[in-house]
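[1] Curious how this folds, go ahead:
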Amino acid sequence: MNIRTHSLLATAVAAMFVLAGCEETPRETAQDVAETRQEQREEVAETRRDVAQSVQEERRETTAAVAEGRQEIALAQAKADYEIAMERCDALEGAAQDQCESQAEQRYDVARAEAERLAAYERDE
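    Numbering: from 1, shown residues only. The predicted structure follows:
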């Protein structure tokens, strides 16, 4: 016999051993298939719930990170605007300089409060 015939014969013998060990009736097999199908549906449904929950948590975390990032940027911009305004105030003297610095500080305070308010609003959404 050639190699191909030996290979086919070995496969046929292996299949006979597998089938000989099969002691289930068609009804039992159908029941096992139905039970396995139901178990797998439940597994898939549980996985879907887990993934949906994970995605929802990731969205919340992302939203919070974006809010914090925007707040940092707004605070940096407010500080930059304040520093520039204070440099301009240095060109003035007396009451004009005091008024300029006071206005710069007020704008800075308003900008910081607005940045914090917006960040809190975005985190709460």
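[2] in the protein, which helix or strand is least confident?
    When the helices and strands of the chain are compared on mean pLDDT, DSSP states H and E, helix 3-20 comes out lowest with a mean of 57.
[3] Just say helix, strand or coil for the spatially most central residue of the chain.
    With distances taken as C-alpha atoms, centre = their mean, residue 58 lies nearest the centre of the chain, 3.1 Å away. Taken by DSSP: H, G, I helix; E, B strand; the rest coil, the conformation at residue 58 corresponds to helix.
[4] Now do it against residue 52, distance only.
    For residue 58, the distance to residue 52 (C-beta to C-beta, to the nearest Å) stands at 11 Å. No exception for glycine: its C-beta is placed from N, CA and C like everyone else's.
[5] Ok, residue 30 next?
    Distance, residue 30 to residue 52, using C-beta to C-beta: 33 Å.
[6] Also residue 103?
    Taking C-beta to C-beta as the measure, residue 103 falls 51 Å from residue 52.
[7] And for residue 123?
    According to C-beta to C-beta, residue 123 stands 22 Å off from residue 52.
[8] More neighbours: which of the two?
    Neighbour comparison, residue 123 and residue 52: the larger count goes to residue 123, with 15 against 10 (by other C-beta atoms under 10 Å).
[9] pretty sure the more buried one is touching residue 67, no?
    Yes: under the criterion of C-beta atoms under 8 Å, residue 123 makes contact with residue 67 at 4.6 Å.
[10] Helices of this protein, start to end?
    Counting by DSSP state H, the chain has these helices, from start to end: 3-20, 26-89, 94-124.
[11] Out of the ones you listed, which one sits most buried?
    With neighbours defined by mean count of other C-beta atoms under 10 Å, none of these is more surrounded on average than helix 94-124, at a mean of 13.
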